[in-house]
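S.K.: Just the structure for this:
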Amino acid sequence: MNLDKEIIQINNITKDYGNNHGDFDINLKIHENEVVGIAGENGAGKTTLIRRRMGFIHPDGGNIKIFGQDAYRESANLKKYIGYCPGEINFPDVKTGNIFLRNYGKSLGRTDKDFEYASELIKRRQLDIRAYPKRRSKGRKEKTAIVSARMRKPKILILDEPSIGLDPLRREELLELILEQKKGGATRLISSNSRDELSRVADKVYLLSKGRIVDSADVNAVKNPPFRDYKVAFVRQEDYERFLHQNYEILENKPQYYQLVLRVRKEDRKNFLTDVALFKIRFLSRMNYDLSTYFRERRKGK
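M.R.: As a prediction, the model looks like this:
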């Protein structure tokens, strides 16, 4: 990642469809080789933002710059540098996926050498491109669309909710493909309503709600916080009450169950385990800390 080189600049972008639908005053910068996730509920404005970045929609205010060029006015030229996989995939009426990929490559001015690279991706992911693409499953369509987006080795890859509608197995296969492509460099933008998925593939995640960016997270920092959260339940009320006087941060207290959720700094973990061992407990478990927890705590604090 090159944090000194901004590839995409979104400046005060607004697109108002009325009734509080659209995107409002969004500012965002994406750097070279950075993988950025856009999280949010259905209707949060993720697809609207993606389509504006592709130059499909003229904004009511603000602008988007890609490599210093206006994303709307220079959209035809900028598409040479962008691989795009839409959320709704509609293939042309061709007999096989192979024909689609070759025709698509030729429309971009690509050669057979470029298709050889696509063939490598197809082989690694065991993708059958002999079938009629319009009748393929959602998972197969997504894979074919990602291969088509990657076959020209674009400087920017944009994926709009690529896993929506997939079963768990197909979703896992798709995430593996995205991770595989992440290693190849290029700047990537991925929208999803699954924060768990974004935490696996993105470097930074922005939270969109009602068309506005309400928070952001450094994924590596979220995965490696300076603390650990534990749930502990005591056998006896007196032990539970005595432990309340220990110097630990209490996140959740359920006195009816003699149960606590505690936040312990990494450097205090050994002392914490030693302290807990002095009491009679029913169970002790480490709590999962992820993007959802991070955003939830941040929103509560605001």
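S.K.: Give me the distance from stretch 129-147 to the chain's centre.
M.R.: Using Cα atoms, centre = their mean, to the nearest Å, the mean C-alpha position of stretch 129-147 is found 22 Å from that of the whole chain.
S.K.: What are the buried residues along it?
M.R.: When neighbours are counted by 16 or more other Cβ atoms under 10 Å, the buried residues of stretch 129-147 are found to be 129, 133, 136, 138-147. Every C-beta, even on glycine, is put in place using the N, C-alpha and C of the backbone.
S.K.: Turn these into CSV, including secondary structure, pLDDT and distance to Ile178.
M.R.: Listed next are the buried residues of stretch 129-147 as CSV, based on DSSP: H, G, I helix; E, B strand; the rest coil; pLDDT from 0 to 100; distance: Cβ to Cβ, whole Å:
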residue, secondary structure, pLDDT, distance to Ile178
Ile129, coil, 79, 19
Pro133, helix, 78, 20
Arg136, coil, 79, 19
Lys138, helix, 73, 15
Gly139, helix, 74, 13
Arg140, helix, 78, 16
Lys141, helix, 79, 15
Glu142, helix, 76, 10
Lys143, helix, 76, 11
Thr144, helix, 81, 14
Ala145, helix, 79, 12
Ile146, helix, 77, 8
Val147, helix, 78, 12
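S.K.: Now the two most distant members of these.
M.R.: Taking Cβ to Cβ as the measure, the buried residues of stretch 129-147 span a maximum distance of 16.0 Å, between Ile129 and Lys138.
S.K.: what's whatever helix or strand Ile99 lives in in contact with?
M.R.: Using DSSP states H and E, the secondary-structure element containing Ile99 is helix 97-107. The set of residues that contact helix 97-107 without belonging to it, under Cβ atoms under 8 Å, 6 or more residues apart in numbering, is 91-92, 94, 111, 114-115, 118, 127-131, 133, 136, 144, 147-148, 151-152.
S.K.: just stretch 119-136 next, same as before
M.R.: For stretch 119-136, the external contacting residues (Cβ under 8 Å, 6+ apart) are 90-91, 93-98, 100-101, 140-141, 143-144, 147, 150-151, 173, 177, 180.
S.K.: got any ranges where the protein has weak pLDDT?
M.R.: Residues of the chain meeting the criterion pLDDT under 70: 1-4, 108, 110-114, 117, 124-125, 181-185, 301-302.
S.K.: okay, which residue is most central for it?
M.R.: Most central residue of the chain, judged by C-alpha distance to the mean C-alpha position with Cα atoms, centre = their mean, is Leu198 at 2.7 Å.
S.K.: Quick check: the gap between it and Lys223.
M.R.: When distances are taken as Cβ to Cβ, to the nearest Å, Leu198 and Lys223 turn out to be 12 Å apart.
S.K.: now Asn11
M.R.: 30 Å.
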